[in-house]
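Peer 1: sequence below, structure please.
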Amino acid sequence: MLRTFDKMQEQINGLETDYIKLLTYDLPPHFTDVYQSRSYPRFCTILSGEKEVTIDQSNPIIYAENQHLLLPPHSHVLMKMEKPTKALVLELNHDLIEQVLQKTPLDKDGQDNLRKSIHPPIQVGYNHQGIAEELLRIYQLSTMNPGGKAFLIDLAAQKLVYELIQNRQVQEMLKTRYPARIERMIHYIEAMIHEKINLEQLAKDNHMSAASLTQLFKKHTGMLPLAFVKQRKMQLASLYLRENSVTEVAFMLGFESLSHFIRVFRETYGLTPKQYQLHHQL
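Peer 2: Residues are numbered from 1 along each chain as shown. Prediction:
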């Protein structure tokens, strides 16, 4: 089991099939960390213990055994665990989601709700019998070495997603993917989020003009590229301010001056970073 949410460790230790990536964590008491989900939705469930998470700038959420959290792609997460906690995480491949949605009859309202959104709602639910059975099957298969192990895990993963999309709100979250070019742009932004991000360089890397990139990005995400960058930096800032000074956070996020960071933060949250820290008793 993993004892950290380090990206490199996840790449090395995760069990990966055609449809999912499975990660198990064994975390100590009083554990705190910040991490970011990547391009896929994450299904997170607690095997023992409980977890408090703050996702982007939302209010803290606590979930425990027999509950799950569905985390949208490109989310920034602050987590805290007061007691020893074991967790199981599944990254749900877009191909898996699309296969199940295509083969599962949804009513017209359900289909209409499958709109792309850069900020889908966060979902916390209980592991009812159908979900619990498939989770147990996936977990047991992951610890064994039967022939066709990956195939059997993917069958269970399809059944799991089928159970999840019986909830209309989950249908809205488990959306189809962005076009590949948009995904590349988002990957670039996330990788460079601690630097000053240049729109012209982003356009050049994607063999587009800045105007064309802006138009395409807004069409698929509903946001201008630099507005997306600002949103992501401010989401991280609200997390980093829990552990760092205002000056440290400004330079961690690639702002050229402290005054610029304070101005952008105030525009976003209506408070200066210091006021934000005091308001949240950090």
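
Peer 1: the chain: strands as residue ranges?
Peer 2: In the chain, the strands defined using DSSP state E lie at 15-16, 20-27, 31-36, 42-48, 50-55, 61-64, 67-71, 76-81, 85-92, 123-126.

Peer 1: how about those strands, which one is nearest residue 144?
Peer 2: The closest of the strands of the chain to residue 144 is strand 15-16. By C-beta to C-beta, the value is 11.5 Å. Every residue, glycine included, has its C-beta placed from N, CA and C.

Peer 1: the closest one: how far from the chain's middle?
Peer 2: Its chain's C-alpha centre and that of strand 15-16 lie 18 Å apart, by C-alpha atoms, centre = their mean, to the nearest Å.

Peer 1: can you list the strands that that strand pairs with?
Peer 2: strand 20-27 (antiparallel) (DSSP bridges).

Peer 1: what's the angle between the partner strand and strand 42-48?
Peer 2: Relative orientation of strand 20-27 and strand 42-48, computed by axes from the mean of the first three to the mean of the last three C-alpha atoms, to 10 degrees: 40 degrees.

Peer 1: residue contacts, residue 247?
Peer 2: By C-beta atoms under 8 Å, 6 or more residues apart in numbering, the contact set of residue 247 is residue 258.

Peer 1: now do it against residue 99, distance only.
Peer 2: 49 Å (C-beta to C-beta, to the nearest Å).

Peer 1: swap in residue 156?
Peer 2: 14 Å.

Peer 1: which one's more surrounded, those two?
Peer 2: residue 156 (20 against 16; other C-beta atoms under 10 Å).

Peer 1: list the residues that contact that one.
Peer 2: 134, 137, 138, 141.

Peer 1: ok, the third one touching residue 157?
Peer 2: If I follow you right, that is residue 138. Yes. With contact defined as C-beta atoms under 8 Å, residue 138 counts as touching residue 157 (6.6 Å).

Peer 1: the more surrounded of the two?
Peer 2: Higher neighbour count among residue 138 and residue 157: residue 157, with 26 against 23, using other C-beta under 10 Å.

Peer 1: once you drop chain neighbours, what's closest to residue 208?
Peer 2: For residue 208, ignoring the flanking residues on the chain, the nearest one in space by C-beta to C-beta, 6 or more residues apart in numbering is residue 216 at 7.3 Å.

Peer 1: neighbours of residue 15, how many?
Peer 2: So residue 15, with other C-beta under 10 Å, has 17 neighbours.

Peer 1: who's in contact with it?
Peer 2: Taking C-beta under 8 Å, 6+ apart, one finds 21, 22, 23, 142, 153 in contact with residue 15.

Peer 1: can you pick the most crowded of the residues you listed?
Peer 2: Once you tally neighbours by other C-beta under 10 Å, residue 153 ends up highest among these, having 24 neighbours.

Peer 1: how near is it to residue 144?
Peer 2: 10 Å.
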